[in-house]
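[1] sequence and predicted structure, then a few things I'm wondering about:
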Amino acid sequence: MNWLHNVIIIVVFFLFSRILTESQIHQELVRKIFTSSKPKSSILITTTLFTAYTLSLLFSNTLVVFMMLPFIINVINMIQDESGKKLVATNLMLALIYGANIGGAGMLNGSALNVVYLGFVEYQGLIGREVITFFSWLVIGIPGTLVLILIARFVLKMDEKEVFLEHHILLGKEDVKPRSHLYLYVFVFTFILFMILSGIQTIYQPKKLVAGLNYVDIIFIVYFLIFIIRVFIIPQNTRDYKHYLKNSVFFILQIILIPFLFFLGLFEAFEERFKLHLKKIIHFFETFLSSVYNFIWHIFFRERNINIKHANQNVFISINRLFHDLPYIGIVAWGLIFLVAYLIFHFGDNPNTVEVDGYLLRLFNQMTDSIADLKIPMSIFLLCSVYLSIFLTEILSNTAVLLVFFPTILKVSVSSGWPTVYILLGVTIGASAAFMSPIATSVNAISFTSIPYVSLKKMIKLGFMMNVLGGLWIYSVVYFLSLIK
């Protein structure tokens with residue numbers, strides 16, 4: 001049951017990313033990497049590229065950008081003359097976005113696009129989906145993205161001039177929480193365990209034992225349950241029946257209130273971003289939720305005066321901290337994109353409105369049928385799909401590109417007998433490899449608007465070269481995979 005493994009892996013790694021973020025261990029890692037680098041711009045560019053890549057394998061690439069921006073801006077501010085700042089700023093910014101975007105494609109859990117791809121192939125029940133596992137993605141994704149990183153370093157080197165920094169980077173020491181390094185060791189153990197289990201599932205395909213589950217499925221489920229209990233239920237301090245019960249009730253209540261907490265966080269994000277004067281609504285909503293929470297809590301423990309946002313200090317990590325600093329506006333934007341795409345591709349299901357719905361459906365069907373009738377070779381179709389995915393992402397949301405492309409590719413490739421799973425994979429990775437536009441991805445937008453002295457002209461020029469070379473490599477890897485299916 002590969003879908004079960006993939007869901008567990010994505011959830012566990014998301015939880016780990018929040019745990020490591022809360023412990024500040026990620027900031028300590030970045031600080032050590034930067035302070036160990038020599039004060040030469042070329043070395044710092046290489047350090048930025050590989051650090052962003054490595055961290056984006058483990059964390060959200062948007063989070064990686066936020067954690068690295070202060071260090072990059074610090075480096076730029078250390079340069080005395082304006083010309084030196086302009087020489088270094090753009091290359092540091094490009095190293096950051098190249099590394100973060102590429103790293104997101106290196107692991108199954110590395111990018112939201114990968115999750116969209118995985119969900120689509122599972123929902124459609126496509127032939128070949130059983131080979132898409134954490135292990136197989138890792139075996140192909142890490143070497144494949146490392147080549148992209150080397151291509152990125154080559155492109156940056158083509159327009160790079162050395163600048164020596166007069167002083168070493170001055171970075172404050174992060175307040176790393178106790179046992180943070182233990183969390184990192186557990187993360188590494190979990191990564192190795194999942195890689196071994198996924199490898200066994202991929203290579204040996206164990207027989208089913210009970211309820212359609214094999215022993216690998218059972219190990220995944222048992223580990224996941226132990227992980228959830230250890231993180232959210234077992235008390236950190238006093239371990240007695242009452243505290244176990246408190247942690248359990250807290251966990252269940254927070255799970256039930258997730259939709260309400262999301263909308264509360266969304267209101268706060270809109271208030272902060274757009275100044276919509278929602279403070280009274282936010283206060284009312286928070287007070288109401290806290291009242292409901294206190295009412296239920298009082299039934300169990302005869303205690304009150306608990307705010308809905310207060311963290312549970314007696315667990316590994318409080319579950320409501322998982323919703324702290326989430327990109328709420330971005331999540332809503334993704335949801336709207338999904339909704340629009342759904343309406344576009346399902347507009348026409350109502351036979352009572354054929355005059356409108358039928359036109360849209362006929363237009364879409366005519367386009368896909370025309371492509372299929374051309375009898376384009378699979379290799380050419382794949383190459384065009386990868387490059388269209390890359391360059392359309394420069395002007396559209398990468399998620400929107402996938403949702404528009406996937407149905408077309410599905411219809412054309414299935415009717416032509418092509419390996420649909422691999423063509424969709426090429427489009428997915430291509431949508432992560434848009435480097436020339438400030439609006440292509442959230443990583444690009446945040447980096448471009450936050451780092452001073454950057455050159456848009458240079459970003460477009462080098463980004464175009466990255467798109468061309470990166471697209472060719474993505475095509476080569478996916479085409480090779482389709483041959484050995």
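    Looks like it came in fine.

[2] please count neighbours and contacts with C-alpha atoms only from this point.
    OK.

[3] quick check: phi and psi on I423?
    phi -60, psi -40 (degrees, to the nearest 10).

[4] L213 now?
    phi -110, psi 140.

[5] and Y475, how far from L383?
    Y475 sits 6 Å away from L383, going by C-alpha to C-alpha, to the nearest Å.

[6] mind checking which of those two has more residues around it?
    Y475 (25 against 21; other C-alpha atoms under 10 Å).

[7] report pLDDT for the more buried one.
    Note for Y475: predicted pLDDT of 93.

[8] was I right about it contacting S385?
    No. Using C-alpha atoms under 8 Å, Y475 makes no contact with S385, being 9.2 Å away.

[9] mutual contacts of the two, please.
    Taking C-alpha atoms under 8 Å, 6 or more residues apart in numbering as the criterion, Y475 and S385 both touch G426.

[10] residues touching the residue most central in space within the chain, list them.
    In the chain, the centroid-proximal residue (C-alpha atoms, centre = their mean) is S111; its distance is 2.8 Å. By C-alpha under 8 Å, 6+ apart, the residues touching S111 are 60-61, 104-105.

[11] in PyMOL, how would I select the buried members of these?
    The PyMOL selection below is limited to those of these classed as buried (16 or more other C-alpha atoms under 10 Å):
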select buried, resi 60+61+104+105
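
[12] of the contacts of S111, the lowest pLDDT goes to which?
    S60 (72).

[13] report pLDDT for the closest residue to F232 other than its chain neighbours.
    Distances taken as C-alpha to C-alpha, 6 or more residues apart in numbering place V315 nearest to F232, at 5.7 Å, with adjacent residues excluded. Per-residue pLDDT puts V315 at 83.

[14] next: M459.
    91.

[15] contact partners for it?
    90, 94, 435-437.

[16] what residue spans form the domains of the chain?
    The chain breaks down by automatic domain parsing into domains covering 2-204, 239-326, 337-483.

[17] now the ones you listed as JSON lines including distance to N214?
    Shown next, in JSON lines, are the domains of the chain (distance: least, C-alpha to C-alpha, whole Å):
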{"stretch": "domain 2-204", "distance to N214": "9"}
{"stretch": "domain 239-326", "distance to N214": "29"}
{"stretch": "domain 337-483", "distance to N214": "25"}
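
[18] can you tell which of those is closest to I218?
    Nearest to I218, of all those, is domain 2-204, at 10.0 Å by C-alpha to C-alpha.

[19] chain center to the closest one: distance?
    Remark: domain 2-204 is offset 10 Å from the chain centroid, using C-alpha atoms, centre = their mean, to the nearest Å.

[20] do the same with stretch 444-453
    On C-alpha atoms, centre = their mean, the centre of stretch 444-453 falls 19 Å from the chain's centre.

[21] quick revisit: okay but the residue nearest to F232 is in contact with I233, surely?
    Yes. The criterion here is C-alpha under 8 Å, and V315 meets it with I233 at 6.5 Å.

[22] need the overlap of contacts for those two.
    N247.

[23] comparing those two, which residue is more hemmed in?
    More crowded of V315 and I233, by other C-alpha under 10 Å: I233, with 24 against 20.

[24] what about S41, neighbour count?
    24.

[25] next one: the one 5 residues further on
    Close neighbours of T46, defined as other C-alpha under 10 Å, add up to 23.

[26] what distance do you get for it to S432?
    20 Å.

[27] what about the helix or strand harbouring P259, average pLDDT?
    Element membership for P259, per DSSP states H and E: helix 258-274. Per-residue pLDDT over helix 258-274 has a mean of 80.

[28] give the buried residues for that helix.
    Buried, per 16+ other C-alpha under 10 Å, within helix 258-274: 261, 264-269.

[29] which other residues reach whatever helix or strand comes next after that helix?
    Going down the chain from helix 258-274, the next helix or strand is helix 279-301, by DSSP H and E. Residues from elsewhere that reach helix 279-301, judged by C-alpha under 8 Å, 6+ apart: 253, 260, 264, 267-268, 271, 303-308.

[30] report the buried residues of the longest helix seen in the chain.
    Scanning the chain for the longest helix, with DSSP state H as the assignment, gives helix 456-483. By neighbour count with 16+ other C-alpha under 10 Å, helix 456-483 contains the buried residues 459, 462-467, 470-471, 473-476, 478-479, 482.

[31] quick one: the host helix or strand of L96 to helix 456-483, angle?
    Element membership for L96 (DSSP H and E) is helix 82-104. When axes from the mean of the first three to the mean of the last three C-alpha atoms, to 10 degrees is applied, the directions of helix 82-104 and helix 456-483 differ by 20 degrees.

[32] who does the helix or strand just after helix 82-104 touch, helix- and strand-wise?
    Using DSSP H and E, the next helix or strand after helix 82-104 towards the C-terminus is helix 112-124. When contacts are defined as 3 or more C-alpha pairs under 8 Å, 6 or more residues apart in numbering; DSSP states H and E, helix 112-124 sits against helix 420-431.

[33] sounds good, over and out.
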